[in-house]
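Q: Structural data only, the sequence is not supplied:
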DNA sequence: CTACAACTTAAAGTGGACTTTAAGGCAAGA
DNA sequence: TCTTGCCTTAAAGTCCACTTTAAGTTGTAG
């Protein structure tokens, strides 16, 4: 029954073989059957990979996707699994959007309202408002969170 | 004149000393004066760090911030510098928001409209729509871009 | 027999913004 | 003198989702 090689699967789902091996290594995919050492797949792997792709696109981490697959009792239906994960993700997304709107506003103000003669002058102003700004709470953090959304970038040709 | 030690600066601006040393290493801060090997700073470093903080908060990378400081002719006023950078960032931000709205919609549909009995069934549906979805263009990519916004995370206590 | 394509593995590399570690220096106070 | 506390450096580690590399295996074609 299993007839697809890893690169045939990769081509169909638009992934690199290395990604598929990686998913297997971290337990997102079950260990594939082997024919003289080489992985062979049937169609169902495409479905599982499609879910992974879509979930990634929705901002889920691989560990959240593992939860989607394995973190529920077997009888739990997909709709409920998706609901559980999506609810959390939507909340995160809404936080993120709020933060981004605040950033947008700040960017606009910066563009239109800066009258400083030097950057040090800008800095002084910012520094003196530090206390007040921090009181607001960090609406946007640096970059060490589990939720990251990124703008699509041209594929590295290779 | 320079009287502050690195950890006094760090405390005032709410950074770790290691971050300040890192900024110096990558050329974001000028090499600090030394007193028997140790860095000593005056107030202006706080202003510069405040700008870095604020710019990071606005989604600028350290390399963009370097551009803010050093990428213009000396006579270029802060307002114009900010305008140049902000324009680009606003465009990126708008793309990002659009992508996130699409994701939001998909998440909502997933929550309310999934009637699959098994995840494989979900996967089959997704897989069969792959072509169509890809035609849309990747409105959101995985996570390898230079623009990342993240939800604030509780500081690692340590 | 040789060449070649496609596969295998483990381990190391990537990017960005730092932090942590290891090993050591220096000044002040008991 | 010894301890304490803060500082120094270079190098390695962290996170995440992979990719790349190096070295080797297998099957097929000429």
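A: Noted; the coordinates are in hand. Owing to the predicted nature of the structure, the values given are computational and were not obtained by experimental measurement.
Q: pLDDT weak spots in chain A?
A: Within chain A, the stretches with pLDDT under 70 are A:1, A:133-158.
Q: For it, which segments are assigned as helices?
A: Using DSSP state H, the helices assigned to chain A run over residues A:6-13, A:17-25, A:44-57, A:62-70, A:78-113, A:119-128, A:130-135.
Q: For the second one, enumerate the helices and strands it packs against.
A: For helix A:17-25, the helices and strands in contact under the criterion 3 or more C-beta pairs under 8 Å, 6 or more residues apart in numbering or on different chains; DSSP states H and E are helix A:6-13, helix A:44-57. No exception for glycine: its C-beta is placed from N, CA and C like everyone else's.
Q: quick one on the thing from earlier: I'd like the helices of chain A as a markdown table, with distance to DNA strand D and mean neighbour count appended.
A: Output for these, formatted as a markdown table (distance: least, C-beta to the nearest atom of the strand, whole Å; neighbours: other C-beta atoms under 10 Å in any protein chain shown):
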| stretch | distance to DNA strand D | mean neighbour count |
| --- | --- | --- |
| helix A:6-13 | 9 | 17 |
| helix A:17-25 | 3 | 15 |
| helix A:44-57 | 6 | 22 |
| helix A:62-70 | 4 | 16 |
| helix A:78-113 | 12 | 17 |
| helix A:119-128 | 19 | 19 |
| helix A:130-135 | 20 | 12 |
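Q: Among those helices, which comes closest to residue B:34?
A: When the helices of chain A are compared by C-beta to C-beta, helix A:119-128 sits nearest residue B:34, at 22.1 Å.
Q: Is any residue of the closest one near chain B?
A: Yes. Interface with chain B: helix A:119-128 contributes A:119-124, A:126-127 (C-beta under 8 Å from any C-beta of the partner chain).
Q: now stretch A:3-12
A: No. Stretch A:3-12 is not in contact with chain B by C-beta under 8 Å from any C-beta; minimum separation 8.6 Å.
Q: what's in contact with that stretch?
A: A:15-17, A:19-21, A:32, A:38-43, A:45-46, A:49 (C-beta atoms under 8 Å, 6 or more residues apart in numbering or on different chains).
Q: ditto for stretch A:76-85
A: With C-beta under 8 Å, 6+ apart as the test, stretch A:76-85 has contacts from A:60, A:64, A:67-68, A:72, B:110-111, B:114-119, B:121-122.
Q: Could you pull up the contacting residues of residue A:45?
A: A:4, A:9, A:29, A:32.
Q: what's across from the closest residue in space to the last one that isn't next to it in sequence in the sheet?
A: The one in question is residue A:32. Sequence neighbours aside, residue A:39 is the residue nearest to residue A:32 in space, at 3.9 Å (criterion: C-beta to C-beta, 6 or more residues apart in numbering or on different chains). On the basis of DSSP bridges, residue A:39 takes part in beta bridges with residue A:34.
Q: From residue B:39, how far off is residue A:39?
A: Residue A:39 sits 55 Å away from residue B:39, going by C-beta to C-beta, to the nearest Å.
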